[in-house]
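S.K.: predicted model follows, preceded by the sequence.
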Amino acid sequence: MSVVGYQARNHPQQTARRGADPGVDDRAITAEDFAPLHARFSFTIDAAATAANARLPRYWTAEDDALAQSWAGERVWCNPPYSQPGLEQWVGKSWYEWNLGTGLIVMLVPANRTEQQWWQRHVEPYRDQDKSFRTEFLPGRMRFLCNGADAIKPNERPPFGCCLLIWSAP
């Protein structure tokens, strides 16, 4: 697949001009990709979901506002919107909740944003320094289900890989 001429649809350059496109942010990890993660981590809540794309029986929607909720006592799975309110807010919230004692947070983020300020502030200084916070770069390019779709069509793979940010007990 060539990325020549590709334009990110919810990159800060686009959202600054027109706002975020909910159709781009509302995407789901496939059940096949989620199953091994859930088997490994035993999540209790999906922190950024819709009724259509939730991967767990318990989930918070945009209306529930996971950024305003307490994550105490949860084992959190989070596939946040990559545009608004912004990855920096989600990663910052994860650090806040981790410091309050949340036992596990696993967040799926684009692996091509390592130069951005949120990564440089909240990830790079801490990643892989000890076992309580680590990054795992996933192989290949994950495919996502678009809003309302029940199958992935050809060429619906994003032009970037993904990684997991993992806060867990050492």
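M.R.: On my side now, so go ahead.

S.K.: Val123 is in contact with Val91, correct?
M.R.: Yes: using Cβ atoms under 8 Å, Val91 is in contact with Val123, at 6.7 Å. Bear in mind the C-beta positions are built from the backbone N, C-alpha and C, glycine included.

S.K.: how about Gln89, phi and psi?
M.R.: Gln89 has phi and psi values of phi -70, psi -40 when expressed as degrees, to the nearest 10.

S.K.: who touches Leu164 in this structure?
M.R.: Counting by Cβ atoms under 8 Å, 6 or more residues apart in numbering, Leu164 makes contact with Leu37, Val106, Met107, Leu108, Val109, Thr135, Glu136, Leu138.

S.K.: is it true that the second one lies in a helix?
M.R.: No: the secondary structure assignment for Val106 gives strand rather than a helix, going by DSSP: H, G, I helix; E, B strand; the rest coil.

S.K.: that one: how many residues sit nearby?
M.R.: 22 (other Cβ atoms under 10 Å).

S.K.: identify the bridge partners of it.
M.R.: Counting by DSSP bridges, Val106 forms beta bridges with Trp77, Ile166.

S.K.: if we can go back for a sec, what sits in contact with each of Val91 and Val123?
M.R.: Leu165.

S.K.: correct me, but Asp128 touches Cys163?
M.R.: No: using Cβ under 8 Å, Asp128 is not in contact with Cys163, being 11.6 Å away.

S.K.: shared neighbours of these two, anything?
M.R.: Thr135.

S.K.: more neighbours: these two, which one.
M.R.: Cys163 (20 against 11).

S.K.: need the pLDDT of the more buried one.
M.R.: Looking at Cys163, its pLDDT stands at 92.

S.K.: OK, contacts around it?
M.R.: Leu108, Val109, Pro110, Ala111, Thr135, Glu136, Phe137, Leu138.

S.K.: make it 7 Å
M.R.: By Cβ atoms under 7 Å, 6 or more residues apart in numbering, the contact list for Cys163 reads Val109, Ala111, Thr135, Glu136, Phe137, Leu138.

S.K.: just say helix, strand or coil for Cys119.
M.R.: To be clear, residue 119 is Trp; Cys isn't right here. helix.

S.K.: kindly report the same for Asn112.
M.R.: Recorded secondary structure, Asn112: coil (three-state DSSP).
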